[in-house]
Each structure stands twice: as C-alpha cells, then as structure tokens.
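[1] Fold the following for me, if possible:
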Amino acid sequence: MRRRWVERLAIGVMLASTPMALADQPLADQPLADQPLADQPLAGQPLADQPLADQPLADQPLAPDVVVDPSARLLDGGSAGETWDVSASFTGGFRFFVRFWVTNEGPGSHTAIAMGYFVRPDGRIAQFRYGRTRNHWRSGAAGRFLKVASAVLDLRAPSGAVEIDTNRGGMKIYLRFDIPPVLPPLCARRGADAGFDVLRLQQHVEGIAWVAGMAAPIAANGSIDITHTWGAASEIDTVLRRIDAAGRKGDLAFFATASVPPNDRGHATSCVAVVDGGKRIYESQTTTVEVAATPLDGTAGGYPVPSHIAFHTDDLELTVRPSRELLRVNPLDTVPQPFRLLLGLRSSPRRAWTEASWQLDLRTGKNHKVRKRDDHGLAAVGYTNEP
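    Predicted structure coming up:
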C-alpha cells in the first residue's frame, strides 16, 4: 500500500511542476452522481482489542446501545449543517488541520465545503479550500465517504482515509488510520435535532505528505483526532466559543471539550473522556469547567486563547495549558465565494490551534489513582463571533 502511495505522489509531484497560489476554486461544470460506493475495505491492520484491568466506568452519560454513526446526515432546514474536524500531528513537528462542512446556509442546500491547513515546523502554512453545490460533490458508502473536489474523507471500516490531491494548490497528502465497524460512544451527545461524537482519539495514522516548496514528500506518521458535529440550528446560533483538547501518554489518552452558547455565557456544555489501551475507562458530561481570564501571551484582543482550562469532577482533575500557538485563522477567509459573503453577514469567526501541556489526575478505584502529564497535547479554540 505504501509503495502505491509513493508512486502516486511521485506522479502528482511531477505534474505539479509549476505550483500556483491557491485561489477560490470554481464550481465544477460536470455534476458528480451521488452513487453509493462499494464497501471495499482499504488495506490496513484492524484496531487491537486489548483487555483492561477491572476498572469502573464513572458517570456514564449514555446507554450502552447508543449508535455512533459517522456518516453524512444531509439534514433538512435552512440553517442545518454538520462538520467533521480532523487534527493530525506528525513526527518532526508537522501538523494538518481539516474541516469538511455540509451546510444549508447560503445558496441552495447541502452545499459542501472542504478547507484545511498544513503547518510546517518552521510555521510556514499551505492551505486548500473548495466549495461545491449539491450536484457537484460526491457522497457514498451510506454517507461514510465524502469527496469535495480534490478532498476526500473516507470513514469506512476497517481503514479510514483523508486525502488531498491538488496540482493547482500544490498539495498531495494521503493518510490512513484504523476504524472499526462499530465505533464506541465517546463524549457522545444526542438531542432532538443535534449531536456530537468523537470518532477517532489519538489514533495512529500513517501516510505521506508533500506541499509546494518541499524537495520530497515526508512520511506522515503520528496521531489523528476526528470529531463529528451536526444540528438543525446554525453553529452561529448555538455556540459562541468552543474549546477542544486532546493528548496521549503511553496507552492513556484523553479528550476534553467545553462550549458556551452566545446568549448564556455562564452555562458551558462539557465532556471529558479517558481511554486506556483503546478502551474507555472514564467519561463525564457533568464536569465543572474553569477557563482562565488571563489570555495566552500574544493572543490578547477580541479572540483570546485562555492561559489554562481546568475540568473537575469528584474523580477527575484535568488541567490543560495552551502554549505555542500553531495557527490562527478566520475560517471564512478560506471559504469560497459566494458562501463567504453570505456567512460573513452574521458571523466573524476565529479558530486557533496551540500546543498544550496537560496534567490528569483520575481516581479509577477506591485505592487507585492515575496521574499522567505531558507537554505534547493539542488545544483548539474556536469563536463564531467576537465575545
């Protein structure tokens, strides 16, 4: 499989001998039929099913039969939409942040937007953006496969994929990761018209990556996080600020999230989940969240990144401290027209990603406590409007 990736990338690099600056991508002239894809597994190793010591699951938010479905829902309603957010960290300090977005806001319905940023260790950034009306992007495999122009999100078991293959944008990235046929619920929330799932948490990822200016592709090996959010109401009306954080130390990984609605800034929706050896050992959706009023150095102003975020329950203490800012963007800057103009009438968003240190103290039994800390976590802070 890897040999085919390398051959495919080498051909693409030769074709892209004259990289061009990325511009708003025009809508395709030829519609892509919305045909289901054959469920043919991609090469990859199945996720290891490792037994854990007998440890209690605390504060379970959902019944065991909750179904985690990563597929596109294609919701009705003029404000409905859904997003899949991908964050990947690779050996050597490379990062890759991608959002796939299906929205009914703007012209038409079920418009798909794909946008992303490849961040090099020295801070240089390569980006891509695509926007397609419903007849000009593709979904298949019961909604687990999305293709928006040259951007692909494939969530079919046993091997998922994220691919960006654009000559015009000067970017060739092919990533693979394990995904089981049945995804366990992790920080899952369900409402009458909305929901949220963590689909992959600090999952091993491998592949190759090349962007214009690189002499040769790199091995893109590291970890990947993927979340899925959907709702009948616009994110602009439901969330003012959302903070996500994730980290891993050995076999233990965590995901934490806290969001504040625009009209009730004192009420945060939150969740912390802890996984050990691929199995969830703790989760709480009733955490107390403390967000520092002091901003991270260099992020003061209308859209601050807090200097620390603390999550508390009777059994858990988690403190996340953002450090070096990796990327700060106005997401609308990479949304093609006319969607940018229309969405900008009600929203002035910002998103920032930072490296983060963290410390986790977790009581998993009467006389057993886990303490983990590391300096290699990741935090993302997003605003839909200036607070």
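[2] For the protein, just list every one of the helices.
    Using DSSP state H, the helices of the chain run over 2-15, 235-238, 339-343.
[3] Let's test this: mean pLDDT of stretch 208-224, rounded?
    Averaging pLDDT along stretch 208-224 yields 97.
[4] Buried residues, it. List them.
    Across stretch 208-224, burial judged by 16 or more other C-beta atoms under 10 Å covers 208-212, 217-218, 220, 222-224. Yep, even glycine has a C-beta here, placed from its N, CA and C like the rest.
[5] Please convert those residues to CSV, extending it with distance to residue 113.
    Listed next are the buried residues of stretch 208-224 as CSV, based on distance: C-beta to C-beta, whole Å:
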residue, distance to residue 113
208, 25
209, 22
210, 24
211, 20
212, 22
217, 26
218, 27
220, 23
222, 25
223, 25
224, 20
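[6] Check those against residue 67 and report the nearest one.
    Taking C-beta to C-beta as the measure, residue 67 lies nearest residue 224 of those, at 22.3 Å.
[7] Let me know the pLDDT of the closest residue to the closest one other than its chain neighbours.
    The shortest distance from residue 224 to any non-neighbouring residue, by C-beta to C-beta, 6 or more residues apart in numbering, is to residue 205 (4.0 Å). Note for residue 205: predicted pLDDT of 98.
[8] So what pairs up with residue 205 in the strands?
    Beta-bridge pairing for residue 205 (DSSP bridges): residue 177, residue 222.
[9] isn't it right up against residue 177?
    Yes - contact criterion C-beta atoms under 8 Å: residue 205 and residue 177 qualify, at 4.4 Å.
[10] Which one's more surrounded, these two?
    Set residue 205 next to residue 177 and count neighbours by other C-beta atoms under 10 Å: residue 205 wins out with 25 against 21.
[11] How about the contacts made by that one?
    Residue 205 makes contacts with 88, 90, 175-177, 220-224, as judged by C-beta atoms under 8 Å, 6 or more residues apart in numbering.
[12] now it: how far from residue 96?
    Distance check for residue 205 against residue 96: by C-beta to C-beta, to the nearest Å, it reads 9 Å.
[13] And for residue 237, the neighbour number?
    Residues lying near residue 237 (other C-beta under 10 Å) number 15.
[14] so it makes contact with residue 79?
    Yes - with contact defined as C-beta under 8 Å, residue 237 counts as touching residue 79 (7.1 Å).
[15] so residue 352 makes contact with residue 305?
    Yes - applying C-beta under 8 Å, one finds residue 352 in contact with residue 305, separated by 5.4 Å.
[16] The two - which one has more neighbours?
    Neighbour totals were compared for residue 352 and residue 305, and residue 305 leads with 25 against 20 (other C-beta under 10 Å).
[17] backbone phi and psi for the more buried one, please?
    Backbone torsions of residue 305, given as degrees, to the nearest 10, read phi -100, psi 120.
[18] On the pLDDT front, check it for me.
    In this model, residue 305 is scored at 96, pLDDT.
[19] related to what we said a few turns ago, tell me, what's touching residue 205 and residue 177 both at once?
    With C-beta under 8 Å, 6+ apart, residue 205 and residue 177 have common neighbours residue 224.
[20] quick one, strands of the stretch 201-350 of the chain?
    Using DSSP state E, counting those that start in this stretch, the strands of the stretch 201-350 of the chain run over residues 218-219, 222-231, 241-249, 252-260, 269-276, 279-284, 288-291, 309-312, 316-329, 350-365.
[21] coming back round to it: for residue 205 and residue 96, list the residues in contact with both.
    Counting by C-beta under 8 Å, 6+ apart, the contacts common to residue 205 and residue 96 are 88, 90, 175, 220.
[22] In strands, which of the residues you listed fall?
    Among the shared contacts of residue 205 and residue 96, the residues falling in strands (DSSP state E) are 88, 90, 175.
[23] Tell me, how many residues neighbour the second one?
    The one in question is residue 90. So residue 90, with other C-beta under 10 Å, has 22 neighbours.
[24] Now it: closest residue in space, sequence neighbours ignored.
    residue 222 (4.0 Å).
[25] quick one, what contacts residue 125?
    Contacts for residue 125 were tallied using C-beta under 8 Å, 6+ apart; they are 117-119, 327.
[26] Pull up the per-residue confidence for it.
    96.
[27] ok, now residue 299?
    pLDDT recorded at residue 299 is 69.
[28] cool, and the one 10 residues further on?
    Per-residue pLDDT puts residue 309 at 97.
[29] So what's the residue count around it?
    Using other C-beta under 10 Å, residue 309 has 24 neighbouring residues.
[30] Repeat that for residue 277.
    Once other C-beta under 10 Å is used to define contacts, residue 277 is seen to have 15 neighbours.
[31] Then the one 3 residues further on?
    Applying the criterion other C-beta under 10 Å, we find 17 residues in the vicinity of residue 280.
[32] For it, give me its contacts.
    Applying C-beta under 8 Å, 6+ apart, we find residue 280 in contact with 57, 184, 186, 273-274.
[33] List just the nearest of the residues you listed to residue 153.
    Using C-beta to C-beta, residue 186 is the member of those that lies nearest residue 153, at 18.5 Å.
[34] isn't residue 324 right up against residue 355?
    Yes - counting by C-beta under 8 Å, residue 355 is a contact partner of residue 324 at 4.8 Å.
[35] Among the two, which residue is more densely surrounded?
    Shown here are residue 324 and residue 355; by other C-beta under 10 Å, residue 355 has more neighbours (18 against 11).
[36] tell me the mean pLDDT for stretch 73-87?
    For stretch 73-87, the mean pLDDT works out to 95.
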